[in-house]
Every structure is written in C-alpha cells, then in structure tokens.
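*Asks:* fold the stuff below for me.
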Amino acid sequence: MIKNAFLLAFTILSLLAAVATTHASEDPVRHVVVFNYKDGATDNQIARVTEAFRNLQNDIPGIVAFEDGVNNSPEGLNKGFTHVYVVTFENAEARDEYLPHPEHKKFVALMEELDILEDVFVIDYSIRE
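*Replies:* Sure, this is the predicted structure:
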C-alpha cells in the first residue's frame, strides 16, 4: 500500500514537473545585455551599436520588444556598466534561434570591429505570467 502511494505520488510529481517545464519553455524570455564601454568610446560609436542592436528586431523572427537605456541609478553599484539593452523573445526557442542567427553574428562582428567594449554581462530569464 505504501509502495503504491509512493508510486502514485512520484507519478503525479513527475507530471507536474513536465507541465511546469513545458510551460516555462513557452514563456517569453528577456535577454538582458549590459555593456561597460571603454573610456575612448565615442558617443557616435555607442549610438551606432545601439541602433544596430535595435535593428535586430527587424531582421530576426521571435523578437517582440527591444529597450535600451543608460544607467542613472544614484546607488553607485553599477561597477562601470552603463548601457543596458533588453531584448524580449516570444519564448526560449526564439532566443535560442537568435544566438546563431546571421544578423546577430553581424552585430557581434560590428562590436569586435569597433573594439569599444571593456566588459559585458548577459542574463536571460523567463517571464512568468
């Protein structure tokens, strides 16, 4: 009897985990990219990067929104990172297709060509609705 109850509970938990995983892969995903530009980066170069990043939504399917901004926090905890870019994807699959996309690769090549990044960090998360 205990064995049957354990098996039933295990089966139910497995099904719930599968449903949660499936739902998570269908949730929108935010791709947050934060740049620390080198001291010598010009306003024109930064504007060029921002515009190129913004234009990816016109060329890559699955991007549903793009935002960008410059740090204005009074806390002083940005560790030199100043510019944030947020790309919202339909779901994790759209984000995964974006990463190797030729237009994204062109953007990365532009960043390498300009050589104005001191550092970058990226974090992605699913939007739970």
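*Asks:* where does pLDDT dip in this protein?
*Replies:* 1-24 (pLDDT under 70).
*Asks:* mind listing the helices for it?
*Replies:* 2-26, 43-59, 92-98, 102-114 (DSSP state H).
*Asks:* what packs against the shortest one?
*Replies:* Helices and strands touching helix 92-98, as assessed by 3 or more CB pairs under 8 Å, 6 or more residues apart in numbering; DSSP states H and E, comprise helix 2-26, strand 29-37, strand 83-89. For every residue, glycine as well, the C-beta is placed using N, CA and C.
*Asks:* for the residue nearest the centre of the chain, give its distance to S25.
*Replies:* Central residue of the chain (CA atoms, centre = their mean): H31, 1.1 Å from the mean position. Look at H31 and S25: by CB to CB, to the nearest Å, they are 15 Å apart.
*Asks:* dump the residue contacts of V120.
*Replies:* V33, V34, F35, N36 (CB atoms under 8 Å, 6 or more residues apart in numbering).
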